[in-house]
Structures are given as structure tokens and as C-alpha cells.
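Participant: structure here, sequence nowhere to be found:
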């Protein structure tokens, strides 16, 4: 019989009830981000029959929306730099599955590396093992990729509990459009990925193979290195992995719930929770109906067992009480009378002894009175009690006086903490005596001195080290732990809030100041933003830091921008003698690629072009910008030639707003924008 393991049962129940974690395993460049983006685009757009993969939160939708726009514009996705949680709802044939994916940096799953993403992959419920067909002809790269797959499978085999259902794994071949054929054949897969196929067949009962192409074709480049304005996406084979995932997860949950039934035993609450979760995921399925019926039958059997046991116990108890009651009553009465006589004799003997401890005799009388409340309270008994109390009170006061004198003598030598401890002991032992109020006053004064000493320590450190925010917090927090209701508790709580606000401002001020001084230093800006977000997860400037991170990622990749030449203002000396004014046109040159010329505004020192360059300007961080102004009055004369500073990586700013060249000026407008830093003070 299988040994019950409560921790294993609880862990299995947690997996059955939580959102299901799906691992997308693959090295850098295999196309993990592109695959997830296109699965979302195609299923949400109704292009995968009977399937819908919906974003479960705003962060996931925003993250994938940016990726979809880039792919539809024919732009390759940049390399993923950090880990991002992607939460989805998968709908398929009345199933509703909550899925959690992670997009991550591919280098983190390389051989020998131990990154946080590996903990997530080890804990997944199902895995897509992604290999791209592009590495098939490179034996070294193909072997390394298959070794990485073999390593993650080994980790699954080590961590999986004996007898637990094996997790589903599918081999997903990406970029199959590079093969020039519709689908890789079995012989081709056996030739190039034999190690991976053998591993899955041997260790993964629920395994499958899918060949997909997320884009349908490579993203083409224009004659000047630009991507086309529109790009036709023709993905292939995307519905297969999703359908397999929905069906495999149901089979896995079915097997897990059957396995849990063996482990849980009579833990009905645990089984009820897991059956409810299974029924929500797979409503109206035969498996859900069978589990619910099985749970009801177990509940009925449990009630029957409890009913039979309760009946047996009730009959036994009734018989025992009936036969024992008479004898017990008689025996109890005899014992009670004997105890009463012995105790009363002993109590009177102690009361008559002048050397006996008055407090001990009084406590003995209290116990006697509790044990025999039926004792008649006549005049003799009342006099006996009053005499005991007077004797006891006098002795108590005498001891209190001695303890008070000893407390005063020790108070001159001991520190504040010792005095407080001694006062507490006195108040516990001699409450209600004549010295109680004086001891309480002395104790309150000591507490106030301790509060003042500790708060002054925190104040002094904060004043001397205003930028040591964490240690400043530690000192005020330590004060509150020692004095939660002290006289300065409100000041300490307020100081903690002010430190958090100052810390938040200080760290974001470093981000803002560096951006204002060096907006093109994106690596340092990214490091500062990530450092700020790590320390201040709920900081006041988190939104601005996230916006700045997205902006740095966007400007480091080639982007398409619409530019409008608005107007100009030129000195009259730019026109030749006897000329009625210059007839000007403008050419823009970005990274060596020319755009324009614009239309010509004849004979005007303040031309109004309002000309939008028909071709979008392609620019990324570090690209140069050059502005050429030509006078077309009877001859083509170069009037202005303005080039961006080679040390300015944000030359695109020349095409936003007014550009001054001596007394002359040009005004541009574009959809390139710089982040706006919020006010800190």
C-alpha cells in the first residue's frame, strides 16, 4: 500500500488549483517572443478556428501590442533583455484555462547557467521545447541546442515525485519557412534532432512534434536597408501547439487528480477544492462529472461511518453511566466529607500558629473556600475570615515597605531598564499597597527617559547621515519595536513615511538628472531605472521609470517617423542683389539616406511649406541628421548645410521644433518625442 505523504498531496493540490505554468524553452534567437506574439495575434483575431488566447491583464496586452505593431510593420523584434510574466486565458471547446508564460533572455538557459528562469521552467505544468531549423546545418550549434533540451528534461526527471504523472512536452520546430518545404519530414527530423526525439520518446508519454513558422517568410530589407512599410504575415501551423496544450493539460489534470485521490485519503476538504477547480476548467466533461459523483459518494460513506460510530458510542456511554452513577454518587459524597474535615482541621491549626506565613494561610483559606462553597457563613466563620484578612494585609504591607526601600536603594545604582524591570516586579507582587502609586510614577518617568534616549539616537543618526535611507529606517523601526506605544511612536511612524518619500525622490532624481544631462546614454539610464524599480516597487515615479525604459528600448532599434517641414525664417542678406527673395526647398539626410526635396516656396523670406515628407524617416540612436536648404531662384544655390553634432546620439531632435542657424531658422514637426520627466519637488 502506498505510504501517504501529506506534503506531496498539498503540493499536488496547489498545482491543480493555481494558474497553469507553461514553459517555452529555447536558446537566444529561436523565436520564443515572436511565437507568443503571433499566437496571441492570430487567436485573438479569430484566425485559429475554435481557439482564443486572450490577454489576462493590461500588462500582458500592452507588452504584446507593441510586438504586434513591430511585426506588422516588417520590423524584427529586438532581443529580449529581462523576464516578463505573460498571463492568458485559453478558450477551447468549453475549456477555460488560466495560463502563465514567461518571456526571457535566451542566454539564461545555456548549458551550465543557473538563472532564476530555470526555477520557473522546473515548476512548469507543460513545456514547448523550441528548436529552430536554422541551426540544423550547423552541427555544433545543433548539438549545443539539443544538449540544453536534454539538461532541462533531466532536471524534470530529478524533481518529479515517484509515481506522479509526467508533464507533457512538445518539440516545436520554428522558422520552418527557411527549409523551402511545407513541413519537415520524419527522416529530416531524425537526421538533425535525433538526440531530442530519442529523449522525448523515452521519458515523456505525453509528447508531440510541431513544425511552425510564426511569420511565414523572413522579413525582407529594402534597397537602402529599410524594411517595407507593410509586411504580409503568413504564419503556419500555430493552431497545433495550442490545441495539443489544451488537451494535454486536461489529461494531466485528470491523472493528477486520480493520483491525489490515493494520497489524500480522508482529506475531504482538499479533494473538494481540487474537484471544484477541475470542474471550472473543464465544465460539463465526462471526467468532471465522474469526479463530482465520486466525491458525493465519498461524502455519503463518510456520513454513514460517522453515524454508525456515533450510535455505538452513545449506547456504550448510556450503559456505562447507568451502571456507574449510583456508586459514583455515594463514593463522591463520602470522599467529599472526609476531605472537608481534614482540610478544615489543617486550616484552623495554621491560622492559630503565630509563626505561620500570613500570606500562605490566606491563600490556603481561599482554596478551601473555592473547594467547599457550601460552607455556612455564620458569625464564627466570618470572624475567622476577617481575622485572617487583617493579619494577611498587615504582613503584605510590611513586605511591600521592605521591597519599596530595596527598590529605592537599587534605583540609584541600576540603569533605566533595570529600574523598569524591578518596578514591574514590585507592581506584580504588591499591587494595592500604599506604595503602588509612587512606584508607578517612577516607572512612568523611567519609560519616558528610555523613549527620549532611543528617539534621540534615531534623530541624531538621521541628521548626521541623511542619505543612508535604509539604516535610518532601521533605527526608527527598531524604536517602534521597543516602544510600540511610547510617547514618540507617532513621531517615529511619521519619520518612516518621510524617509520613504525622500528615498524615492533621491533615487529618481538620479534618473532624471542623468536623463537631462545625457539623454542619449541609454545603457546608464536603463541601469538607473531598473535599480529604482527594484528598490521602490510601489514608488511614486514607477510609471515614469517604466516609460523611460520603453523609450530607451524603442530608440535603440530602427524606427519609422513622420516628419513635416512647417516653416522658415531667413535673413534678407541670404538673397543675391536685385533678387525678389529666395525660392527655397529643403532636403533631409538621415544616416546618409536622403529624403526630399520639399516643395519650393518662391520669393519669400518667411516661407510656409507645411510639407510632409512622403517617405517616413528611418532613424535609430546614434544616426546622424543633416539639413540642406537650397535657393532655386534661377540657379540651384546651396544656402544652408546643417549637420548634427557627432557627439549627440539624439540627432533626431533637430527634426522636432525650431532649428536656428545664425539669423536663420527652420521649424519641423515629427512624431518623435522625448520622455517628459515629472516634477520631483
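Facilitator: Received, thanks. Keep in mind the model is a prediction, meaning the values are calculated, not measured.

Participant: quick one: low-confidence parts of the stretch 151-300 of the chain?
Facilitator: Scanning the stretch 151-300 of the chain for pLDDT under 70 picks out 181-183, 221-231, 265.

Participant: now do the strands in it.
Facilitator: When assigned using DSSP state E, counting those that start in this stretch, the strands of the stretch 151-300 of the chain occupy the ranges 169-174, 207-211.

Participant: what strands flank the longest one, and is each parallel or antiparallel?
Facilitator: If I follow you right, that is strand 169-174. Partner strands for strand 169-174, per DSSP bridges, with pairing direction: strand 126-132 (parallel), strand 207-211 (parallel).

Participant: before we move on, back to that, looking at the strands of the stretch 151-300 of the chain, spot the one closest to residue 605.
Facilitator: strand 169-174 (59.7 Å; C-beta to C-beta). For glycine as for every other residue, the C-beta is placed from the backbone atoms N, C-alpha and C.

Participant: what's the distance between that closest one and the middle of its chain?
Facilitator: Chain-centre distance of strand 169-174: 29 Å, with C-alpha atoms, centre = their mean, to the nearest Å.

Participant: which other residues reach that strand?
Facilitator: If you take C-beta atoms under 8 Å, 6 or more residues apart in numbering as the criterion, strand 169-174 is touched by 26, 30-31, 35, 126-133, 153, 184, 189, 193, 196-197, 200, 204, 206-214, 241, 244-245, 248.

Participant: filter those residues down to the buried ones.
Facilitator: Using 16 or more other C-beta atoms under 10 Å as the burial test, these include 26, 30-31, 35, 126-133, 153, 184, 189, 193, 196-197, 200, 204, 206-214, 241, 244-245, 248 as buried.

Participant: ok, residue 233 touching residue 73?
Facilitator: No: if you go by C-beta atoms under 8 Å, residue 233 and residue 73 don't touch, sitting 10.6 Å apart.

Participant: show me what residue 660 is bridged to.
Facilitator: residue 665.

Participant: from residue 153, how far off is it?
Facilitator: 64 Å (C-beta to C-beta, to the nearest Å).

Participant: got it, and residue 274?
Facilitator: 27 Å.

Participant: and the closest residue to residue 633 other than its chain neighbours, how far from residue 661?
Facilitator: Among residues not flanking residue 633 along the chain, residue 583 sits closest, at 4.6 Å (C-beta to C-beta, 6 or more residues apart in numbering). Note on residue 583: its distance to residue 661, by C-beta to C-beta, is 18 Å.

Participant: neighbour-wise, which of these two wins?
Facilitator: Comparing residue 583 with residue 661 by other C-beta atoms under 10 Å, the one with more neighbours is residue 583, at 18 against 14.

Participant: let me see the mean pLDDT of stretch 583-602.
Facilitator: Across stretch 583-602, pLDDT averages out at 94.

Participant: quote the end-to-end distance of that stretch.
Facilitator: 4 Å (C-alpha to C-alpha, to the nearest Å).

Participant: what's the burial count for residue 397?
Facilitator: Neighbours of residue 397 using other C-beta under 10 Å come to 15.

Participant: was I right to think it contacts residue 432?
Facilitator: No: checked against C-beta under 8 Å, the pair residue 397 and residue 432 is beyond contact range at 9.7 Å.

Participant: so where's the stretch 351-500 of the chain uncertain?
Facilitator: 351-356, 358-359, 361-362, 365, 369, 371, 373-385, 410-414, 416, 420.

Participant: check the stretch 501-650 of the chain too.
Facilitator: In the stretch 501-650 of the chain (pLDDT under 70), the answer is 578.

Participant: mind listing what residue 57 touches?
Facilitator: residue 87.

Participant: quick check: it vs residue 46, distance?
Facilitator: On the measure of C-beta to C-beta, residue 57 and residue 46 end up 22 Å apart.

Participant: the helices in the stretch 51-200 of the chain, which residues?
Facilitator: Under the criterion DSSP state H, counting those that start in this stretch, the stretch 51-200 of the chain contains helices at 58-72, 116-122, 139-159, 186-192, 194-203.

Participant: nearest to residue 440, out of the ones you listed?
Facilitator: Taking C-beta to C-beta, helix 116-122 is the member of these nearest to residue 440, at 55.9 Å.

Participant: could you pull up the residues touching residue 477?
Facilitator: residue 496.
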